[in-house]
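Q: Whatever this is, show me its structure:
(one chain, ligands or ions: 2)
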Amino acid sequence: MLKSPSSKYQRFDPVSLPNRRWPSQTISAAPIWCSVDLRDGNQALAVPMNVSQKLDMFDALVKCGFKEIEVGFPSASNTEFAFNRRLIEEGRIPDDVTIQCLVQAREDLIEKTVESLIGAKKVVIHMYNSTSPAQRKYVFGKTKEEIIAVAVKGAQMIKDRLHRLTAGGTHVTLQYSPESFSATEVEFAKEISEAVMDVWQPTPEHKMILNLPDTVEVCMPNVYADQIEWICTNIKNRESLIVSLHTHNDRGTGTAATELGLLAGADRVEGTLFGNGERTGNLDIVQVAMNLYMHGINPKLDFSDMNGLIAMYERTTGMTVPPRQPYAGELVFTAFSGSHQDAIKKGLSGYDQHKTIWDVPYLTIDPNDIGREYREVIRVNSQSGKGGVAYLLESEFGIELPKDMQREFGPLANDIVDKLGREVSGAELKEMFWKEYIERSTPYSLHHFHADGVDGVFTCRCSLVINGQERGIAGKGNGPIAAFAHALVSEGGAPSFEVATYREQSLSSGTEASALAFIQIKNGEGKTIWGAGVDTNIELASIKAVLSAVNRASH
Ligand code: KIV
Ligand code: ZN
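A: Ligands and ions are numbered 1, 2, ... in the order given. Here you go, the predicted model:
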């Protein structure tokens, strides 16, 4: 890279808009959406979609609620043309959906485009030509006047052919894009757009769409917003226009540019699912729609089945959705850090109790709203704390560790995960828990246990395997656990201890119901240690829990 980039790259000249109004506006309703997946998205694929893939995606876009869909560039290839014909001839376009086709300002291409649309109910014919200084100079070698003449001629050619569609009852809306608008002088963008308007003569009743593309994202989103507000304020007959945004993501701010463009007065947004499109992609429409949703605004698009949509997208485009893609990525409702997990766990249980306004820390929306599940929220790696460990054991296996035991087991599990150097599943955590507590069998393991109580005094007789040798021991106490503890210390050779905490719960897996007991013992030095035991009999589960704690204490 250059030490002095200004020798090669220049600052972007902003529009002069001292009284800009957009910073104090808010977005309170969804814009008109237009999906350009089947055109801009498709043209950016190494292997463009075939007709059946395009049909698959078209149906999914309709299902999401898109009412305007740019279906292709029918003059560009037989596949594109054939796709339009399939849609129209097989009656696949719902009555409330408008299909849009892109075309350059060239007679043969316009002719073919019109032909591809015959018989459709509602169409947008979208004409574009490039207007930026670099395009004028290098690509076309034309003056501003000559570039305007191209647009005007194209607009006239379209107008002259409209009767071929309207005669058959097709409702046609016209759209013009001064391509590379954001890199074009606003005065020139206005001039050329007004020249096209002069030909098409839009009215407030029959508006035309003026699409203002950030073809290559060359400026900051606030500058794009200034450009949009400047056009909305200065162009003639604004009331006869639907002002549309079409952003790309070269500087990584396509979403911001679109949102600020809406503040600046635009009515419509073009973009693609998950931002597929040329280079760094088009605007990700899912992001803008979900951003509205998380502010309580109905986006008029439905992403309830986000996983199904992703599967369709990957199947048809061959692209993948990155794990951190806002709203859609595999990891976006996942917290690895312990403090985040703890906060999410508390927030989720608070929300479950009150079911009012969503304010769960670290989660902008309820994953459930887009078909994701809470259990995906928390995963455990070496960054995780006791909260994540406890959450997975509880949510996946119903194991409710006592709070204090979480403090003991959390760091033990964390050490193992740290050594593994990878994420672990809930099942692996359960296995760790079982190994640490339930499967402890040295120095003591239980063979047989029996306790009887008379007048509140319990006597227990049991046989244990102690360091490999079978032995019978007996003891008394005010309950079976106390009697067993007494037997262990007085006859079994265990160091003295007392039971500090006891908790039990039922566990059911499949048809087998069993009990899980947790016991915390305190040794002679006041140190506490947890144990756990499982059995179909709750009394035996608690006796095993005592042995688990004593065994752990002796290691
Ligand atoms: O990015 C762009 O400018 C386009 C136009 C054809 C609208 O895709
Ligand atoms: Zn584009």
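Q: Could you count how many residues lie near Pro480?
A: By other C-beta atoms under 10 Å, 21 other residues sit near Pro480. Just so you know, the C-beta spots here come from the backbone N, C-alpha and C atoms, and that holds for glycine as well.
Q: Provide a list of residues in contact with the residue lying closest to it once chain neighbours are set aside.
A: The shortest distance from Pro480 to any non-neighbouring residue, by C-beta to C-beta, 6 or more residues apart in numbering, is to Ala451 (4.0 Å). Residues in contact with Ala451 (C-beta atoms under 8 Å, 6 or more residues apart in numbering) are 458-461, 480, 483-484, 539.
Q: let's see it at 6 Å
A: 458, 460, 480, 483 (C-beta atoms under 6 Å, 6 or more residues apart in numbering).
Q: Check Ala151 too.
A: Counting by C-beta under 6 Å, 6+ apart, Ala151 touches 105, 129, 192, 196.
Q: do you know how far it is from Gln43?
A: Applying C-beta to C-beta, to the nearest Å, one obtains 21 Å for the distance of Ala151 from Gln43.
Q: so where do the helices sit in the stretch 101-250 of the chain?
A: 107-117, 133-134, 144-166, 186-200, 221-234 (DSSP state H, counting those that start in this stretch).
Q: quick one, what contacts Pro361?
A: Counting by C-beta under 6 Å, 6+ apart, Pro361 has contacts 343, 347.
Q: mind checking how far it is from ligand 1?
A: Distance from Pro361 to ligand 1, counting by C-beta to the nearest ligand atom, to the nearest Å: 38 Å.
Q: tell me the mean pLDDT for the strand or helix carrying Gly472?
A: In this structure, Gly472 is located in strand 469-477 according to DSSP states H and E. Averaging pLDDT along strand 469-477 gives 96.
Q: Could you do stretch 350-365 as well?
A: Here stretch 350-365 scores 92 as its mean pLDDT.
Q: just how off-centre is it within its chain?
A: Taking C-alpha atoms, centre = their mean, to the nearest Å, the mean C-alpha location of stretch 350-365 is offset from the chain mean by 17 Å.
Q: Could you do stretch 270-289 as well?
A: So, by C-alpha atoms, centre = their mean, the centroid of stretch 270-289 is 13 Å from its chain's centroid.
Q: follow-up on the earlier one: can you give me the buried ones in the helix or strand encompassing the residue nearest to Pro480?
A: Using DSSP H and E, Ala451 sits in strand 444-454. If you call a residue buried by 16 or more other C-beta atoms under 10 Å, then strand 444-454 has these buried ones: 444-446, 449, 451.
Q: ok, now stretch 223-242?
A: So for stretch 223-242, counting by 16+ other C-beta under 10 Å, buried means 223-232, 235, 240-242.
Q: Which phi and psi values does Leu292 adopt?
A: Dihedral angles of Leu292 (phi, psi; degrees, to the nearest 10) stand at phi -60, psi -50.
Q: cool, His206 as well?
A: According to degrees, to the nearest 10, His206 has phi -130, psi 80.
Q: Burial check on it, number of neighbours?
A: By the criterion of other C-beta under 10 Å, His206 has 13 neighbours.
Q: ditto for Val15
A: Neighbours around Val15, by other C-beta under 10 Å: 18.
Q: would you say it is within a strand?
A: No: Val15: not assigned to a strand; according to DSSP: H, G, I helix; E, B strand; the rest coil it is coil.
Q: doesn't Ala225 make contact with it?
A: No: using C-beta atoms under 6 Å, Val15 is not in contact with Ala225, being 9.6 Å away.
Q: Test my guess that Gln175 contacts Ile209.
A: Yes: counting by C-beta under 6 Å, Gln175 does reach Ile209; the two are 3.8 Å apart.
Q: quick one on the thing from earlier: tell me the strands beside the strand holding Gly472, with direction?
A: Using DSSP bridges, strand 469-477 pairs in its sheet with strand 457-466 (antiparallel).
Q: Among the buried residues of stretch 223-242, which one sits closest to Gly169?
A: Nearest to Gly169, judged by C-beta to C-beta, of the buried residues of stretch 223-242 is Ile242 at 22.2 Å.
Q: Tell me the spacing between that closest one and ligand 1.
A: 14 Å.
Q: beta partners for that residue?
A: According to DSSP bridges, beta-bridge pairing links Ile242 with Ile209.
Q: Pretty sure it sits against Leu210.
A: No: at 7.1 Å, Ile242 does not count as touching Leu210 under the criterion of C-beta under 6 Å.
Q: still on that earlier bit, of all pairs in the buried residues of stretch 223-242, which one is the farthest apart?
A: Longest span within these, C-beta to C-beta: Val223 and Ser240, 26.4 Å.
Q: still on that earlier bit, list only buried entries from the contacts of Ala151.
A: 105, 129, 192, 196.
Q: pLDDT wise, what is the last one at?
A: The predicted local confidence for Val196 comes out at a pLDDT of 99.
Q: Okay, Lys159 and Ser116: tell me how far apart.
A: Counting by C-beta to C-beta, the gap from Lys159 to Ser116 is 18 Å.
Q: ugh, wrong one, I meant Leu260
A: Distance of Leu260 to Ser116, computed by C-beta to C-beta: 35 Å.
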